[in-house]
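Trainee: need a structure here:
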Amino acid sequence: MALVAFEESIGRSLKSAWHSAVTGFAHFLGARKVLRGPISKQSRHGLDWLNFFLADIQTGFGAFVAFYLADLGWDKGQVGLALSAGTVAGLISHLPGGAIVDWVPWKRGIAATGIAMIAASALILAFAPTFVLVFTAEILHGVTGGIVTPAIAAVSLGLVGRGAMSARTGRNNAFDAAGNALTAGAMGAAGQYIAKSAIFLGAAALCIPALIALSLIRSDEIDYARARNAGIGRSAANFQRIFELTKHLRLYVFAGCIFLFQLADATMLPVISEDLAQAKNQSASLLMAGLIVTPQIIAAVLSPWVGYYSEKFGRKPLLLIGFGIEVLRGLLFAADTSYPALLIGQCLGGISAAAVTVLTVLMVADMTTGTGRFNLVQGFIGTVIAIAAAISTGASGFLFEQVGHQYGFLILAAVAASAPLLLWLALTETKPGKYLD
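Mentor: Residues are numbered from 1 along each chain as shown. Model prediction:
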């Protein structure tokens, strides 16, 4: 009798779990309909494919630069300095870039300018990888981070509004991650079988369909006031004063959390990519592509769910999970340097990236509602990220040379652990009970 009761209990538990999974998926599919709202199918698909084709400017581009330069014989210190040049340029450009995106009504024009700069940077790296021109290309590429990223977020918010922004942001990141996985795989194959410079020729080529996708987004559907988070019907000249904006303590706490996370995260993939390149493995390009593609596939799958569950459970619990997984990633890299372990670590990175990337946009939107300063604050967070990345990539080469691989990653894991601690202790939930639009 006890055995029968136990089997019945297990059966009921499995049925309950299955019912919950099916119900949750049905709710998720229903939430996706919110994306459609008042905008046209053409604009929705244009924004989808814009994110897809711009994937080459995300982590894959930066990681391949480190791999490419190491293959050319640059040492870790020189590679770190070159990457830092780009991140410092991003540091300088994010605040004015965000302010310009708030101020200028022509969001698509700003995005197009940034895409053209990306193409120029990639072509320089492909055809003239001299010391001076590599630094020029990295600076040019770094500046685009302060333009393209807030422009896409502004277009998204202007199209769908606050009520659908969580779903739209998850979808943006899913298409971005899917594109990054595909382009990273193609670039890795090109670097393996054609030439290392083919990686950047491919990046430049992908800017063409990105511009085509951008042209599909109808400018008359982008609400200017809503695109800067001023709400529907607000005057285009209505901006909260900078002095008033600086009084938002939660912004500083959130920025501190993102700084600590990025300080640990920015250098992990470049360091292991340099190790792969210096090992002179005949399949190094393909192995490197695998390390980039794997987390992007995971992020593509998980990002829409992050947006969905951020509405159900709030932003803070999911961000704590994302931060915590980064700690595990650092510890794994410290303990094991085999390729399977690196792949597992990159899987963890994909989970963490999906949570942090989506929730950063949503929490900035939460904290700037009604201010008209959404993109300026995005620029501020972008500046914080650039500072952390510059410090991380610039110092990591020297750090790892001094303390070695194991202790270097243990230090990064310790830094990563401070981000969820600060978030847990000092930041309250940001999701509002009701959206203005």
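
Trainee: Residue 115 reaches residue 211, doesn't it?
Mentor: Yes. Counting by Cβ atoms under 8 Å, residue 115 does reach residue 211; the two are 5.7 Å apart. (Glycine included, C-beta is placed from N, CA and C.)

Trainee: These two: who's more crowded?
Mentor: More crowded of residue 115 and residue 211, by other Cβ atoms under 10 Å: residue 115, with 24 against 16.

Trainee: tell me the pLDDT at that one?
Mentor: Note for residue 115: predicted pLDDT of 90.

Trainee: what does residue 32 give?
Mentor: 52.

Trainee: For residue 359, the count of nearby residues, please.
Mentor: Residues near residue 359, counting by other Cβ under 10 Å: 25.

Trainee: Would you mark the buried spots in stretch 247-257?
Mentor: If you call a residue buried by 16 or more other Cβ atoms under 10 Å, then stretch 247-257 has these buried ones: 248, 251, 253-257.

Trainee: hang on, residue 253 packs against residue 422?
Mentor: Yes. Contact status for residue 253 versus residue 422: in contact at 6.9 Å, counting by Cβ under 8 Å.

Trainee: how much space between residue 319 and residue 426?
Mentor: Remark: distance between residue 319 and residue 426 (Cβ to Cβ, to the nearest Å) = 13 Å.

Trainee: Who has more neighbours out of those two?
Mentor: More crowded of residue 319 and residue 426, by other Cβ under 10 Å: residue 319, with 29 against 14.

Trainee: immediately after whichever strand or helix holds residue 125, which helix or strand?
Mentor: Using DSSP states H and E, residue 125 sits within helix 107-127. Of the helices and strands lying after helix 107-127 in sequence (DSSP H and E), the nearest is helix 131-145.

Trainee: what packs against the strand or helix carrying residue 317?
Mentor: Following DSSP H and E, one finds residue 317 within helix 315-335. Contacts defined by 3 or more Cβ pairs under 8 Å, 6 or more residues apart in numbering; DSSP states H and E place helix 315-335 against helix 249-265, helix 268-278, helix 284-313, helix 339-367, helix 374-426.

Trainee: Show me what the last one is packed up against.
Mentor: Using 3+ Cβ pairs under 8 Å, 6+ apart as the contact test, the elements touching helix 374-426 are helix 76-103, helix 131-145, helix 148-160, helix 249-265, helix 268-278, helix 315-335, helix 339-367.

Trainee: looking at these, which is buried most?
Mentor: Mean neighbour count (mean count of other Cβ atoms under 10 Å) peaks for helix 148-160 among the helices and strands packed on helix 374-426, with a mean of 27.

Trainee: my read: residue 353 touches residue 299, true?
Mentor: Yes. Under the criterion of Cβ under 8 Å, residue 353 makes contact with residue 299 at 5.1 Å.

Trainee: which neighbours do these two share?
Mentor: With contacts defined as Cβ atoms under 8 Å, 6 or more residues apart in numbering, the residues adjacent to both residue 353 and residue 299 are residue 177.

Trainee: in the helix holding residue 125, what's buried?
Mentor: In helix 107-127, counting by 16+ other Cβ under 10 Å, buried: 107-108, 110-112, 114-115, 117-119, 121-126.

Trainee: Out of those, which is nearest to residue 216?
Mentor: residue 108 (10.0 Å; Cβ to Cβ).

Trainee: if we can go back for a sec, got JSON lines for the helices and strands packed on helix 315-335, with mean pLDDT and distance to residue 160 too?
Mentor: Formatted as JSON lines, the helices and strands packed on helix 315-335 follow (pLDDT from 0 to 100; distance: least, Cβ to Cβ, whole Å):
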{"stretch": "helix 249-265", "mean pLDDT": "94", "distance to residue 160": "23"}
{"stretch": "helix 268-278", "mean pLDDT": "77", "distance to residue 160": "32"}
{"stretch": "helix 284-313", "mean pLDDT": "87", "distance to residue 160": "11"}
{"stretch": "helix 339-367", "mean pLDDT": "93", "distance to residue 160": "11"}
{"stretch": "helix 374-426", "mean pLDDT": "88", "distance to residue 160": "13"}
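
Trainee: possible to save those as JSON lines with distance to residue 78?
Mentor: Output for the helices and strands packed on helix 315-335, formatted as JSON lines (distance: least, Cβ to Cβ, whole Å):
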{"stretch": "helix 249-265", "distance to residue 78": "21"}
{"stretch": "helix 268-278", "distance to residue 78": "11"}
{"stretch": "helix 284-313", "distance to residue 78": "19"}
{"stretch": "helix 339-367", "distance to residue 78": "23"}
{"stretch": "helix 374-426", "distance to residue 78": "8"}
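
Trainee: Minimum distance to residue 91: which of those has it?
Mentor: helix 374-426 (3.7 Å).

Trainee: okay, the angle between that closest one and helix 339-367?
Mentor: 110 degrees (axes from the mean of the first three to the mean of the last three Cα atoms, to 10 degrees).

Trainee: sorry, back to before: give me the distance between the helix holding residue 317 and the centre of its chain.
Mentor: Averaged C-alpha coordinates place helix 315-335 at 15 Å from its chain's average position (Cα atoms, centre = their mean, to the nearest Å).

Trainee: cool, and stretch 110-120?
Mentor: When C-alpha coordinates are averaged (Cα atoms, centre = their mean), stretch 110-120 and its chain have centres 18 Å apart.

Trainee: Equivalent analysis for stretch 418-428, please.
Mentor: 21 Å.

Trainee: Any buried residues in it, and which?
Mentor: 418-420, 422-423, 427.

Trainee: Distance to residue 206 for the residues you listed - can I get that in CSV?
Mentor: CSV is the format used below for these (distance: Cβ to Cβ, whole Å):
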residue, distance to residue 206
418, 37
419, 32
420, 35
422, 37
423, 35
427, 37
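
Trainee: Check these against residue 137 and report the nearest one.
Mentor: residue 419 (30.9 Å).

Trainee: on that earlier part again, out of the helices and strands packed on helix 315-335, which gets nearest to residue 178?
Mentor: Using Cβ to Cβ, the nearest of the helices and strands packed on helix 315-335 to residue 178 is helix 284-313, at 4.1 Å.
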